[in-house]
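Peer 1: sequence? don't have it. structure:
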């Protein structure tokens, strides 16, 4: 490769190299999202709601592929507004171009880019994303029902965006309209954004459970991603986790229609218990599960966590013989201690305990954390 | 386990707020560049070489104003290529538009946006930036001399970009051509980029000193800035420091033509000794300057640094009576210790020492650090 | 100074220098706590409750001076338990030694070390710290009243530690006993720890206000400080801010007895409004205070913060003409934007607004944030 | 301003919790050192040279076990000086106590604590560490040969500490004395510290290779570890990697005597090629190895790294058909891109390339990096 000789020539004086040199500062790298594959599926990290300069976004489309690669994403869909084109005096409307520009860069980096679009109408039905399209231009129709029908005709997966967006619901509360019933009954609404940007919509969460719709979580990013998320400080964009048979566009589509998704937003997972439990079990391990406690002392259960999630446990209950912490955070990518204390120095023998907790930030329904149990065998030794 | 009830009483269902809430994560803030005003001038932080989607850059122009505000810049110039328009099939050429879009956003945030352009020709003369233009379209000429003349006619400040760029000088070495002599003699070349991106051009540094041209340092950024610089981890884009009478466009222009500039790149300052010395003196302070040493012991000089630069001192020399560290880093925004050791336990009385160092990363000429002296009074007390 | 030639000889191969070199990794530096001096006083950062191996702490006493210097403290008191000496079989009891060892190291670094002790009795009266002692041994008495009298005789400042400590109050609620009334009436109790470690005692806060006692906040650290606080990640030990006439032991003592203190814990300040208001006003500045709004647009008030505190504002109220954010965090050491939106495009002329907020994390009484008002002049311009 | 009520609904009085709460700030956790097990052995992370208050260290012994657990260590040895007892007036000499205090805390946390000691004599033979002792007191002899013999009698593993320490070799150069030959010939010297603290001794490195001695790397820490190493910012103490059959004291001892060790210091690994190559191969993976290049374009080889080491590759050489970067850093715990460029647009067909690099920071001998080869298949497609 052609070398930057201006820099290499300068060596001898190390200081200049240190401060001007490229190597130490090259920020181009991918950081994986540490969430395990589960139940025989790949856990694909997806963002299906993204804008570019081709609607009201503020970056050229290939930047979206680059950001996705660096942040550990597997799949993105560029979903520029069809009806909202504020840049059109400078940049004439061309609904397929953002996909066409983003896709080759994504392919070079191994990121799947899906052709999509945002059907941008007043409430109801509000904004709908259609992904896995063949031709976005055909959705540029006068009536919203025609746009949805065209999307459906192209085989798209269609979901309702930010149902409680204050731009359409000033009180921030999502409301279900007859139009949404119509769409579901016609098989033209397959999911809802339970999280958009940093907003969580509990109503949407409940509807997904009740109406058997896919739970979706997206960034809806318009800025360069780093202006909205501190990706170098543990922050991340909201992601839809898609549990797919393989990392292909077809497999993602199959999984979406089969509603095998979960929401990953901030430090929270939202979804069906089977997926959340599997993620927890694959990423959390007891280093030891047999404890010896001497007298009225204590011993430590060591719990390791190979995921990026801080599991926030509450509700630990004491037993007659032992006490445990009421709260415990199993920190991301670390090992922590669960201290088990003997309540008396007159105990002896061995006992098994099933210590229950609720993981507050793994939500299996609105305001409902996921239960978990740690099984531990404690041997009580005569005290010193 | 015994609980800290004083704290637990505050609980509720806060987990969702913690993880989804906006406040804790809002990344929109400005972080100042900590470099002091000096010699009666404002030390303005400027980047005069920036691209947008209107040439080969990858962000919409207002993003450049937003990035500049957040990163503590005072002045930017958008300098899209006139002759290189790779997006033109999607985005028709319009040379003044990037300025027109970026400027209002900058004004709303207090960032001065200067109309500029990059005259993009083969070497010689290579690429030239003209800033403080009135109308970029007029520079879209067939011959480069006409473009430069037009810029000069509009009163622009003109500088030579990345003179050793490997795209034009495969060995990375900057070369001076008769065309550059012609431009200087005609008063149409006023500065050179000594630093572009992460490359330092020592030849350009020397030419600026010899030919009395302004030393310039710019990012030449095409990506969203955060993709190229770890701005949240102490990294920063290269900046031209402009020592201006006030923070106005006119004052910046006056200072540039008067060559009151310095280069701030990585952890390095490059420029005239008068400016570098003043920055050092305004930001570094001795907390104490009279030391008592007992016997053959030692005492500490405390040195504080209110700037963002780690001053890298080398060459500390020992005296007959005392020894000092050969190297010392006065860390940015911290206070450090310079240990003074007595060489004997038979010393008495007080002595003044002028302890010399070279600051390696304050370059007053190629491969030439800036000298500095610490004056210290040491009283030697009978040892214990 | 004697050089490490083993390292210098190795240069040539830069890599080894980068990885093994001392300079880049030297962690010995002081980082100031950025809180301004106010009302003509020095704002001294003090920790008056610290343990060492001479009671149940786990570091040698000089480490406490070193930690304090690095963390930006001005004053510490080593307060080992008199009555609790778990190490005494290895380390014979010697109540004055921890001060005698810590003090010279503090003096060499400019940190004031105050001789103190913890009178460690069952509740009531619980644990009491006495600082500014002459001889700790004299407090080693059978009855607690004798120990307190001796401390008082030595002129000590005496305060009640962690009044709701679960070790003595299993429900975590602080309780006032007749013994505390007795101490106050005898002039032998001058303050209370409103914060100890990471626990806040609202009852203690209220008592300090009602009974005119100094509000105290200490670490009570036993471990190396870094094992309990992430000092490199924005975390800090709780501090007592002492508003003293100068940085001397006498001035600190005078200020304590005059109750010129405040609590700095986590991101919270607790104290009298006069001190908290002054800290806010000295550290927060409006960059601009006259705004122009065009039509129904908006404009930004820029607010800078030179302190280490994120000021958490809530309760912003809208006016007939303008709307402002309900919440705003003025981030530490940054500049943020307060967006002012016109409620109509039919406004004209200029108006002054006094925009009120409550700063939730500046507590002037239990559950009572500090009010603040921003005065802004808005000119409404005809819209576009 | 329009509020996000979905979020605001969660509020309450949370501010105090956020700022004073324990959970978010609890720093007690273990962070593993990410270096893979290799060649059928466990890669145990060991520090065999550590001080406490029982010699000239500054922490109580159990802190050493706590630090080791948090930092991901598996094995430590407390090795207080026998002959240097600066605290003895406060803390009477008791050579076995530091082990006796540190061991139970280590056992509770799963860290193996080995009884050891530092035989602290003038050069020659300098300072020697003996680990796996039964009784340290027996080594408190007048003559150093007697101390070594006693250590040997107890079955200890004995190594030479910091052979170029400027306290004994003012020029920092390690020197071999007849006494060291004597020790080796008598089977009483089994290893040498190639790294101590942040100093690398190339002579020691060479002697280990020539004389078949174990390469050792230790912290020699006296302060709380965090005062010397920025463990929260990617810094770490030097470690001896011991390739043991299992994580037991006996297995560690067996591996040490069998010289299955390597040095991990800063970003550098030092040791036999078989161990370093295995660590590299287990932690670095090609995501793709078959590339398609269109015309004179380029394609990316994606290389992931699951270790904590930034592998610093240099010396990449171009081929007739393709160019590759001369330098590449495979960043720790990230995936990076190796760009392969076609040198011509007239290529066709497929070719295999074995791309060689030297990993500068994996040292298989003094000044000798480890070679590595990437095998890539490139298909050249007709250009566009």
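Peer 2: Alright, I've got the coordinates. Computed from a predicted model, the values in this text were never measured in an experiment.

Peer 1: alpha carbons only for contacts and neighbour counts from here, please
Peer 2: Fine.

Peer 1: Just give the number of residues close to residue A:88.
Peer 2: Here the number of neighbours of residue A:88 (other C-alpha atoms under 10 Å in any protein chain shown) works out to 15.

Peer 1: could you measure it against chain C, distance?
Peer 2: Remark: distance between residue A:88 and chain C (C-alpha to the nearest C-alpha, to the nearest Å) = 19 Å.

Peer 1: and that residue, helix, strand or coil?
Peer 2: Three-state call for residue A:88 (DSSP: H, G, I helix; E, B strand; the rest coil): coil.

Peer 1: what pLDDT does it get?
Peer 2: Looking at residue A:88, its pLDDT reads 97.

Peer 1: next one: residue A:27
Peer 2: Value for residue A:27, per-residue pLDDT: 81.

Peer 1: can you tell me how far it sits from residue D:336?
Peer 2: Computed as C-alpha to C-alpha, to the nearest Å, the residue A:27 to residue D:336 distance reads 10 Å.

Peer 1: And the two? Which one has more around it.
Peer 2: The residue with more neighbours, out of residue A:27 and residue D:336, is residue D:336; 24 against 16, by other C-alpha under 10 Å.

Peer 1: Identify the residue spatially nearest to the more buried one, adjacent ones excluded.
Peer 2: Spatial nearest neighbour of residue D:336, excluding adjacent residues (C-alpha to C-alpha, 6 or more residues apart in numbering or on different chains): residue A:29 at 4.8 Å.

Peer 1: how many neighbours does that neighbour have?
Peer 2: 23.

Peer 1: my read: it touches residue D:338, true?
Peer 2: No: counting by C-alpha atoms under 8 Å, residue A:29 stays clear of residue D:338, with 10.7 Å between them.

Peer 1: Count the neighbours of residue A:69 for me.
Peer 2: Count around residue A:69 with other C-alpha under 10 Å applied: 25.

Peer 1: wait, it sits on residue A:111?
Peer 2: Yes: if you go by C-alpha under 8 Å, residue A:69 and residue A:111 touch, sitting 6.3 Å apart.

Peer 1: residues in contact with residue A:216?
Peer 2: By C-alpha atoms under 8 Å, 6 or more residues apart in numbering or on different chains, residue A:216 lies in contact with A:159, A:191, A:192, A:193, A:194, A:195, A:239, A:240, A:261, A:262, A:263.

Peer 1: Quick check: next helix or strand after the helix or strand hosting the last one?
Peer 2: It stands for residue A:263. Following DSSP states H and E, one finds residue A:263 within strand A:261-265. Next along the chain after strand A:261-265, taking DSSP H and E as the criterion, comes strand A:268-271.

Peer 1: Can you list the helices and strands that the longest helix belonging to chain A packs against?
Peer 2: In terms of residue count, the longest helix belonging to chain A (DSSP state H) is helix A:97-109. Where contact means 3 or more C-alpha pairs under 8 Å, 6 or more residues apart in numbering or on different chains; DSSP states H and E, helix A:97-109 is packed against helix A:61-70, strand A:112-120, strand D:298-305.

Peer 1: ok, and which of these has the densest surroundings?
Peer 2: Ranked by mean neighbour count, these are led by strand A:112-120 with a mean of 26 (mean count of other C-alpha atoms under 10 Å in any protein chain shown).

Peer 1: Just checking: what are the partner strands of the helix or strand just after it?
Peer 2: Counting by DSSP H and E, the next helix or strand C-terminal to strand A:112-120 is strand A:127-131. With DSSP bridges as the test, strand A:127-131 is paired with strand A:112-120 (antiparallel), strand A:157-160 (antiparallel).

Peer 1: Columns mean pLDDT and distance to residue A:381 on top of those, output as JSON lines?
Peer 2: What follows is these, written out as JSON lines (pLDDT from 0 to 100; distance: least, C-alpha to C-alpha, whole Å):
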{"stretch": "strand A:112-120", "mean pLDDT": "98", "distance to residue A:381": "58"}
{"stretch": "strand A:157-160", "mean pLDDT": "98", "distance to residue A:381": "59"}
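
Peer 1: Show me what counts as buried in the longest helix of chain A.
Peer 2: A:97, A:98, A:99, A:101, A:102, A:103, A:104, A:105, A:106, A:108, A:109 (16 or more other C-alpha atoms under 10 Å in any protein chain shown).
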